[in-house]
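In: sequence and predicted structure, then a few things I'm wondering about:
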Amino acid sequence: MNIGNVISEKRKALGLTQQALAEKLHVSFQAISKWENGTSCPDIELLPQIAAILKTTIDSLLGYPSQSVTDYDKRYGNEEYYWGLKPNNLCYEIMRIKPPVKPYKVIDIGCGEGKDAVFLARNGYDVTAFDASEQGLSKARELADTYGVKVDFFKADVRDFRLEADYDIIFSSGVFHYIPLELRENVVNNLKAHTTTNGINVVNVFVEKPFIPLPPDTEKGEFVVDSWKSGELFMYYHDWLFHKNEEWIFDCDSSGTPHKHCMDVLIAEKV
C-alpha cells in the first residue's frame, strides 16, 4: 500500500475529512487529495506531523511494519514463558459457548507467546494469531511445533491492522489498552463486521480505577495509550447478545512485584 492509500485509510478511520487534515497540517485540501490519489507525495518534513495526527508511525505510513509499542521483545527473551503456559480461563468459556464440533475459525489478537492460540488449536479450532513482538511469535511457533498443531502466526500492530477475512471467534486478552481512544470505534466496528453470524467476540480490557495504583511494569515505561472506563467496552457491543459482561479486580505478579488490575470482560454473540 502506498503512502497515499495509508493516509486515506487512517484519515477515514479517525473520521477526518481531507479539509480537516489539511487544516491540521497547514496545507491545502488539494494537497491531501493529490497525496491520496497518488499524483504527489508529502514533503519528508511533514511525515512526523502526519503520523502523530493519524495516530500511527512513520514506518507504517511508508508501508513498513510498525515497531512494537511495548518492551515485550525484552520480556519474552528468556527461555521460560513470561505468562506461563496455562490457558486463559476465557479459552474454556469459548469451548463452552462454541464447542469445536467443527473447526471454527479463530483469531487471537495480541497472542503474545501463543499459549492460548496453541491451546485452542490443540482442541480442534482453526486458529490465526498475531502480535507486535517478533520474539513472542518465535516462541509461539516453537510451542505450536512442540504440540504438533498448526497456527497461522504473523506479526502485526493492533493499532494498524484491520481484519479482511471473517471469523467465528475473535479473541483478545490484555491488548486493547494499546488502542488510542480515537481508533477504538473503528477497531471494534471492524471486528464486529468480520464476525460470522452467531460468532462471538471474547475480549477483556484493563479498566482505570483511582484506588488501584499503576502496575510496576507501567511505571517502568510500558506504553499505555488510553485507559478504558467501566462499561465502555460493553457499550460498543450494545446491539449483540451478551453471554458474559463482568468487571473484576484480581492479583497479578507478572512483573515480579505483586499488584492488582481491574478488568472488564465481555463475551458477546452476533445474532
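Out: That came through fine. Residues are numbered from 1 along each chain as shown.

In: quick one: residue 237 from residue 176, how far?
Out: 13 Å (CB to CB, to the nearest Å). The way it works is simple: take the backbone N, C-alpha and C, and place the C-beta from them, glycine included.

In: now swap in residue 264 and tell me
Out: With the distance defined as CB to CB, residue 264 ends up 10 Å from residue 176.

In: what's the answer for residue 164, then?
Out: Using CB to CB, one gets 20 Å for the distance from residue 164 to residue 176.

In: with residue 250 instead?
Out: 17 Å.

In: of these two, who's got more company?
Out: residue 176 (22 against 8; other CB atoms under 10 Å).

In: and the more buried one, how far from residue 207?
Out: 11 Å.

In: who touches both of the two?
Out: The contact sets of residue 176 and residue 207 overlap at residue 228 (CB atoms under 8 Å, 6 or more residues apart in numbering).

In: low-confidence ranges, the stretch 151-271 of the chain, go.
Out: Scanning the stretch 151-271 of the chain with the threshold set as pLDDT under 70 gives 216-225, 254-255.

In: could you pull out the helices for it?
Out: Ranges of helices in the stretch 151-271 of the chain, per DSSP state H, counting those that start in this stretch, are 184-193, 216-219, 232-236.

In: as JSON lines, the ones you listed with distance to residue 101 and mean neighbour count would be great.
Out: Converted to JSON lines, these look like this (distance: least, CB to CB, whole Å; neighbours: other CB atoms under 10 Å):
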{"stretch": "helix 184-193", "distance to residue 101": "23", "mean neighbour count": "17"}
{"stretch": "helix 216-219", "distance to residue 101": "39", "mean neighbour count": "15"}
{"stretch": "helix 232-236", "distance to residue 101": "28", "mean neighbour count": "17"}
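
In: contacts only, for the one residue sitting closest to the centre of the chain.
Out: Centroid check for the chain by CA atoms, centre = their mean gives residue 158 as the closest residue, at 3.5 Å. Neighbouring residues of residue 158 by CB under 8 Å, 6+ apart: 109-110, 132, 172, 175-176, 178-179, 187.

In: of those residues, which belong to strands?
Out: 109, 172 (DSSP state E).

In: on that earlier part again, overlap in contacts of residue 264 and residue 176?
Out: Shared contacts of residue 264 and residue 176 (CB under 8 Å, 6+ apart): 204-205, 228, 233.

In: JSON lines for those residues, including distance to residue 16?
Out: Below are the shared contacts of residue 264 and residue 176 laid out as JSON lines (distance: CB to CB, whole Å):
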{"residue": "204", "distance to residue 16": "30"}
{"residue": "205", "distance to residue 16": "25"}
{"residue": "228", "distance to residue 16": "23"}
{"residue": "233", "distance to residue 16": "24"}
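
In: weed out the non-buried ones from the residues you listed.
Out: 204-205, 228, 233 (16 or more other CB atoms under 10 Å).

In: which one of the helices of the stretch 151-271 of the chain lies closest to residue 143?
Out: helix 216-219 (22.6 Å; CB to CB).

In: domain map for this protein?
Out: Domain assignment for the chain by automatic domain parsing gives 3-61, 72-269.

In: what ranges does the stretch 151-271 of the chain have for its strands?
Out: Per DSSP state E, counting those that start in this stretch, the stretch 151-271 of the chain carries strands over the ranges 151-155, 167-173, 195-206, 241-252, 259-269.
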